[in-house]
Every structure is written in C-alpha cells, then in structure tokens.
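Asker: The sequence isn't on hand, but the structure is:
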C-alpha cells in the first residue's frame with residue numbers, strides 16, 4: 001500500500017512539474033494554461049473565500065441528497081430483481097435500454113421540467129447514480145453461494161430470512177463498491193448540471209461566473225482543482241469505510257489472492 005501511494009505521489013508530482021515547465025518555457029500559452037504554481041496558489045486562496053465555500057456547500061448538498069435517494073431506490077430494487085428471476089426477466093429489457101442513455105444529455109430536459117434547481121440536480125444525479133448500485137446489487141446476489149441459501153431453506157427459513165441472513169451480507173461489500181462508483185458519478189453530474197443550468201450556485205456555476213468575468217483561467221482552474229480534491233476525499237473516505245465495515249471481506253480477498 002505504501003509503495004502504491006509513493007508511486008502515485010511521484011506520478012502526480014512529475015505531471016505537475018512537466019506542466020509547470022511547459023507553461024514557464026512557453027510551450028503552451030500561459031494565458032490559456034497558467035503555471036501550476038499559479039493555479040495552486042489560487043486554489044489555496046479560494047479555501048478562504050466565503051463566496052466560493054458557499055458554492056461548495058451548494059454542490060455537496062445536491063450531491064449528498066441525490067446519492068442518498070439513489071441508494072434508497074437502487075438497493076431495494078436491486079434486491080428485488082436479484083432475488084426474483086421473473087422480475088429480472090421482466091425488467092431486463094427496460095434496464096438495458098435506459099442504462100446506456102448519457103445522463104448529461106438529460107440535463108436540458110430536467111431544466112425544462114423542474115424549475116427548482118435543487119430538484120433538477122437531484123433528479124439527474126439519481127438517474128446517473130442508481131445504475132452502478134443497481135447493477136452491482138443484482139450481480140452480487142447472483143453470485144451468492146447457493147449451498148448457503150439451500151442450507152437455511154432446509155432448516156425451515158423463509159425466503160426473506162434467507163435474503164436477510166445470507167444474501168444481503170454476502171452482497172453488501174459489492175453494493176458498497178457500487179455506492180463508491182456512484183458517488184463519483186454523482187459529483188460529476190452535480191457540477192455538470194450547475195454549468196449547463198447556469199443558476200442556483202455550486203462549483204460549476206462558480207466556474208461560469210468566473211469565465212463570464214473575463215480571462216480568469218487561473219481562478220477557473222483553481223475551482224476545478226477543488227472539485228477534484230473533493231472527489232478524491234469522498235473516494236478516500238468511502239474506501240476507508242468499506243475496509244472498516246467489511247474487514248472480513250478484505251481479509252478473505254487477500255487470502256484468495
């Protein structure tokens with residue numbers, strides 16, 4: 001793990017150095033791509049900007065709400081589809097039709113149908129985020145050990161008890177992985193919706209304000225840096241939570257490897 005962190009840090013540092021050199025030496029136009037040092041300085045300054053922090057709070061509010069609704073919808077639906085073969089067969093054509101539709105393409109439609117910005121963002125976040133959770137839940141239930149389920153049935157446990165005692169605990173680590181993937185998707189859709197809508201605040205809306213005020217590429221990129229940092233922090237926290245809650249699954253995976 002330490003080696004992976006060191007290698008990752010070296011890769012990031014190398015990229016930043018190359019970008020700094022390219023801008024300082026004139027290989028790229030510094031008016032369009034400012035030096036990395038300038039962008040990072042702007043990012044640090046934004047951390048103390050009350051207005052920008054308000055936009056960050058707006059983005060995180062929509063992100064959290066949309067992801068929570070997606071989990072509340074996708075997990076029960078995935079358990080239903082994964083547990084009942086006839087439901088799986090009935091819903092598979094619809095799922096396979098809706099899942100490939102680009103979520104970003106639905107943002108203009110959501111803007112027209114939902115005048116409230118938070119509702120608009122939440123709707124597109126839910127649509128985009130539910131698919132990783134739903135698919136992971138369904139496929140995780142399909143991979144549950146059939147012997148364990150038959151053993152409980154032989155002792156007189158009903159289907160709900162088998163789902164609660166065997167299927168759900170076995171599928172839970174994979175559902176958590178789906179949530180982690182969905183969290184990144186939700187953040188992307190949140191910022192994208194804010195940019196396209198051009199109202200309601202948020203990091204995406206802030207980048208549009210900065211751009212409309214003239215050539216402020218360093219400030220715009222500084223805001224984008226914070227969007228990336230937030231994504232990294234969210235992923236880091238979810239990974240740590242997975243390892244703590246599903247420690248038994250991580251240990252079994254290491255033994256299997």
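Answerer: Looks like it arrived, so ask away. None of these values were measured; they are calculated from a predicted model. Numbering: from 1, shown residues only.
Asker: Give me the helices and strands touching whatever helix or strand residue 91 lives in, please.
Answerer: In the assignment (DSSP states H and E), residue 91 maps to helix 85-98. For helix 85-98, the elements it packs on are helix 50-83, judged by 3 or more Cβ pairs under 8 Å, 6 or more residues apart in numbering; DSSP states H and E. In short, each C-beta sits where N, CA and C put it, glycine included.
Asker: Which parts of the helix it packs on count as buried, going by neighbours?
Answerer: Within helix 50-83, the residues scored as buried using 16 or more other Cβ atoms under 10 Å are 52, 55-56, 58-67, 69-71, 73-75, 77-79, 81-83.
Asker: cool, and stretch 190-206?
Answerer: Taking 16+ other Cβ under 10 Å as the criterion, stretch 190-206 shows 190-197, 200-206 as buried.
Asker: Give the rounded mean pLDDT of it.
Answerer: Average pLDDT, stretch 190-206: 90.
Asker: contacting residues around that stretch?
Answerer: Taking contacts as Cβ atoms under 8 Å, 6 or more residues apart in numbering, the residues outside stretch 190-206 that touch it are 51-52, 54-56, 58-59, 62-63, 66, 104, 107-108, 110-111, 117-118, 120-121, 124-125, 207-208, 223, 226-227.
Asker: ok so, going back, how far does whichever helix or strand comes after the helix holding residue 91 sit from the chain's center?
Answerer: Beyond helix 85-98 in the direction of the C-terminus, DSSP H and E gives the next helix or strand as helix 107-113. Here the centre of mass of C-alpha atoms in helix 107-113, compared against the chain's by Cα atoms, centre = their mean, to the nearest Å, lies 21 Å away.
Asker: In whatever helix or strand comes next after helix 107-113, which residues are buried?
Answerer: Scanning the chain past helix 107-113 towards its C-terminal end, the next helix or strand to appear is helix 117-142 (assignment: DSSP H and E). Neighbour counts using 16+ other Cβ under 10 Å place 117-118, 120-138, 140-141 of helix 117-142 among the buried residues.
Asker: List the buried residues in stretch 37-49.
Answerer: Of the residues in stretch 37-49, 38-40, 42-43, 46, 49 count as buried by neighbour count, 16+ other Cβ under 10 Å.
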